[in-house]
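Structure for this input, please:
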Amino acid sequence: MAADRQDLSQLSPALLTKAMLRAVDQLNLKAELPSLLQLPADETARLQAGERVLDPQRPEWQGALQLVGLFRTIVEVLGSVERAKDWLGTSNETLGGRPVDLLGTPGAERVHRYLSAVRKHELRMPPASRREH
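A predicted model of the protein is given here:
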């Protein structure tokens, strides 16, 4: 995922804002957005309303990079947005809870490492989550 973050870091604030909002919308994470970006609800509402874009000089930028990277990885690993949403909301024994509950907390890094390991074929997703070939 580090390579993804590097690629994403070259995005303009407007483009990263758009990509992040699209990922949040598709993964049904709108309610979690304030904690994911570590922003007050009124600031996230301004982002969602198009009244402002992400600021590369604030912590919200890194949160948005993580969200878009997570979206790309999880859809790649699971094969669809629907499977990604299901996986985020399902308890994961390896992670010690539902991935969605770990996002926006220090445990989010475990979710990113887990997905990275699955992508590198170091770990396997539980059978119900795996991409069908």
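
Is His121 part of a helix or strand, or is it coil?
coil (DSSP: H, G, I helix; E, B strand; the rest coil).

Leaving out the residues flanking it, which one is nearest to Arg119?
Val77 (5.5 Å; CB to CB, 6 or more residues apart in numbering). C-betas here are computed from N, CA, C, even on glycine.

Please, where are all the helices along this protein?
Using DSSP state H, the helices of the chain run over 2-9, 13-26, 33-37, 41-48, 59-78, 81-89, 99-102, 108-119.

and the last one, average pLDDT?
Per-region confidence: helix 108-119 scores 91 on mean pLDDT.

So which bits of it are buried?
108, 110-112, 114-116, 118 (16 or more other CB atoms under 10 Å).

The fourth one now?
Applying a neighbour-count criterion of 16+ other CB under 10 Å, one finds 43-44, 47 buried in helix 41-48.

Just name the closest of the residues you listed to Glu93, please.
Thr44 (31.4 Å; CB to CB).

wait, isn't that closest one in contact with Leu33?
Yes - at 4.7 Å, Thr44 counts as touching Leu33 under the criterion of CB atoms under 8 Å.
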